[in-house]
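> next come a sequence and a model predicted from it.
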Amino acid sequence: MSLNTRVSLLAGTAALTLTCVSQANPAGETGNDDLAQRLAAAEAKIDAMEAAQNQNWLTEQRATEIRGLVQDVLSDADTRASLLQTGMTAGYDNGAVLGSSDGNWLLRTNIHLQERFIFNWMDDAGADIEEDRYGFEPTRVQFFLSGHVVDPSWYYMIRVNVGAEDESGLIYGYVGKDFGNGLKLQMGAMQSQLLREDIVATQYQLAVERSTVSYLFRAGYMDALQASWEGDQFRVFGQLSDGAHTSNTMWDTDDTEFALTGRFEFLFGGNWDQFKDFTSPRGSETGIMAGAAIHYQSGEDGTATDSIDSFTITGDLSWEANGWNLFGAVMYSDTDFADNNPFGIVVQGGWYWDDTWELFGRFEWTDFDVADADDFALLTAGVNKYIYGHNAKMTADVGYAFETIPFDLGVTGVRDDVGDEDGQFIVRFQWQLLF
């Protein structure tokens with residue numbers, strides 16, 4: 001029965017009661033009191049029924065809203081299920097990944113940040129030259145895109161640096177094919193396979209920066225075609241390129257007639273993955289790797305400038321064990337330019353005094369084979385704090401150059417000495433994030 005019907009019946013009852021009372025006792029006070037009580041009871045019942053009806057209305061409104069919310073959630077779930085049915089997967093695996101459920105398509109993204117403070121002091125800098133210089137810089141702000149297409153054998157890598165380092169812009173940009181059994185072929189902008197310090201990526205170095213000597217002998221990034229083969233104990237790399245430091249250049253750029261790079265590595269113990277960096281945390285297995293490489297390039301003919309032919313050879317040894325590491329390399333170069341033959345060495349090592357703190361040192365030296373030029377010698381010592389491996393770490397080191405430095409190399413913190421002054425201090429601090 002509806003509320004209106006109930007109210008009508010109560011009103012009719014009250015009227016009938018009032019009529020009867022009036023006829024029975026038109027002037028009696030007792031009848032009026034009884035009537036008032038009946039009317040009050042009727043009003044209370046009406047109020048109770050109104051409240052119940054309002055409560056029912058609110059309950060129905062809530063139910064409608066809940067039904068709408070459930071429908072929205074189900075719709076979202078259907079959308080997600082539809083995406084999964086199309087083969088989309090997402091998550092984190094050494095980077096944010098997005099790919100197909102069958103594994104044939106994969107996109108991995110990474111970001112690499114190196115923020116630095118560098119202080120340099122040189123002895124007797126001369127007029128109008130500050131003896132000490134210092135400042136902050138975002139040395140590397142790098143973005144990575146890597147993965148595979150069609151199937152896991154077709155891989156790619158794109159790496160861009162927008163930081164303050166001189167080698168900025170596109171660094172890596174290559175595609176490759178893995179033929180199985182360790183054989184790969186790739187083409188594009190890539191790292192030369194000459195010096196081991198170059199091959200180890202910037203985020204996996206031991207000190208704040210690669211050695212200054214390595215920058216003097218390196219071939220750097222270049223546009224190349226590379227073939228490689230990797231076995232259980234040895235691997236080889238061969239590159240045909242446009243020459244040293246030619247990454248991301250046009251095909252008709254005057255650089256070289258051709259350039260060839262070859263590298264051979266032998267594994268005495270351990271595994272290849274542990275030599276992607278220079279460190280060796282506590283608990284690591286013992287590994288020893290030896291490498292040798294050669295780079296030759298023929299200068300461009302038919303240009304206004306004289307063509308320059310040059311070659312560089314190097315040999316290196318890496319030894320990693322439970323909480324300590326050693327690395328050494330020798331480099332020799334022969335170039336037609338000024339007919340000089342520089343020679344250099346780098347020796348470095350690290351030791352963990354607990355699970356996250358590492359002490360390291362490095363000595364580097366080179367003979368420029370140039371008349372009246374001092375040999376370059378630099379000693380560096382520092383510490384690494386591994387907050388979360390290479391993904392989050394802090395590095396601080398101090399270096400001292402013993403002789404006159406005849407060049408400026410901002411990325412390592414050294415400056416060009418004036419005249420024959422010697423003695424130069426370099427203090428560096430770096431905060432690195434990799435994710």
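Received the coordinates, thanks. All values reported here derive from a predicted model rather than from experimental measurement. Numbers count the residues shown, from 1 in each chain.
> show me the beta-bridge partners of the spatially closest residue to Gly147 that is not a sequence neighbour.
With C-beta to C-beta, 6 or more residues apart in numbering as the criterion, Gly147 has its nearest non-adjacent residue at 3.8 Å, and that residue is Leu106. From N, CA and C alone the C-beta is placed, and that goes for glycine too. Per DSSP bridges, the residues bridged to Leu106 are Gly99, His148.
> Leu106 contacts Gly99, doesn't it?
Yes. Taking C-beta atoms under 8 Å as the definition, Leu106 is a contact partner of Gly99 at 3.9 Å.
> list residues touching both of the two?
Gly147 (C-beta atoms under 8 Å, 6 or more residues apart in numbering).
> which residues of the stretch 1-150 of the chain fall in helices?
3-24, 29-85 (DSSP state H, counting those that start in this stretch).
> check the spacing between Ser333 and Asp372 real quick.
20 Å (C-beta to C-beta, to the nearest Å).
> more crowded one of the two?
For Ser333 versus Asp372, neighbours defined as other C-beta atoms under 10 Å are more numerous around Ser333 (19 against 6).
> show me what that one bridges to in the sheet.
Thr312.
> ok, now which ones touch it?
Contacts of Ser333 (C-beta under 8 Å, 6+ apart): Phe217, Ser310, Phe311, Thr312, Ile313, Asn341, Pro342, Phe343.
> ranking those by neighbours, who comes first?
Phe217 (26 neighbours).
> flag the shaky bits of the stretch 301-435 of the chain, pLDDT-wise.
302-307, 337-338, 419-420 (pLDDT under 70).
> the helices of the stretch 1-150 of the chain: lowest mean pLDDT?
Among these, helix 3-24 carries the lowest mean pLDDT, at a mean of 44.
> how near is the nearest residue to Trp105 once chain neighbours are set aside to Val347?
Leaving out its chain neighbours, the residue that sits closest to Trp105 by C-beta to C-beta, 6+ apart is Gly99, at 5.4 Å. Look at Gly99 and Val347: by C-beta to C-beta, they are 43 Å apart.
> neighbour-wise, which of the two wins?
The residue with more neighbours, out of Gly99 and Val347, is Gly99; 19 against 16, by other C-beta under 10 Å.
> from what I see, the more buried one and Gly91 are in contact.
No. The pair Gly99 / Gly91 is not scored as a contact, 9.2 Å apart, by C-beta under 8 Å.
> ok, and for stretch 105-123, which residues are buried?
By neighbour count on 16 or more other C-beta atoms under 10 Å, the buried set for stretch 105-123 is 105-108, 110, 112-116, 118, 120-122.
> could those residues be laid out in TSV, adding pLDDT and distance to Asn271?
TSV is the format used below for these (pLDDT from 0 to 100; distance: C-beta to C-beta, whole Å):
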residue	pLDDT	distance to Asn271
Trp105	95	29
Leu106	96	23
Leu107	97	27
Arg108	97	22
Asn110	98	22
His112	98	24
Leu113	97	29
Gln114	98	27
Glu115	98	32
Arg116	98	32
Ile118	98	35
Asn120	96	39
Trp121	94	43
Met122	89	44
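> include distance to Arg159 when you put the residues you listed into a markdown table, please.
Below are these laid out as a markdown table (distance: C-beta to C-beta, whole Å):
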| residue | distance to Arg159 |
| --- | --- |
| Trp105 | 20 |
| Leu106 | 17 |
| Leu107 | 14 |
| Arg108 | 12 |
| Asn110 | 9 |
| His112 | 9 |
| Leu113 | 14 |
| Gln114 | 14 |
| Glu115 | 18 |
| Arg116 | 19 |
| Ile118 | 24 |
| Asn120 | 29 |
| Trp121 | 34 |
| Met122 | 34 |
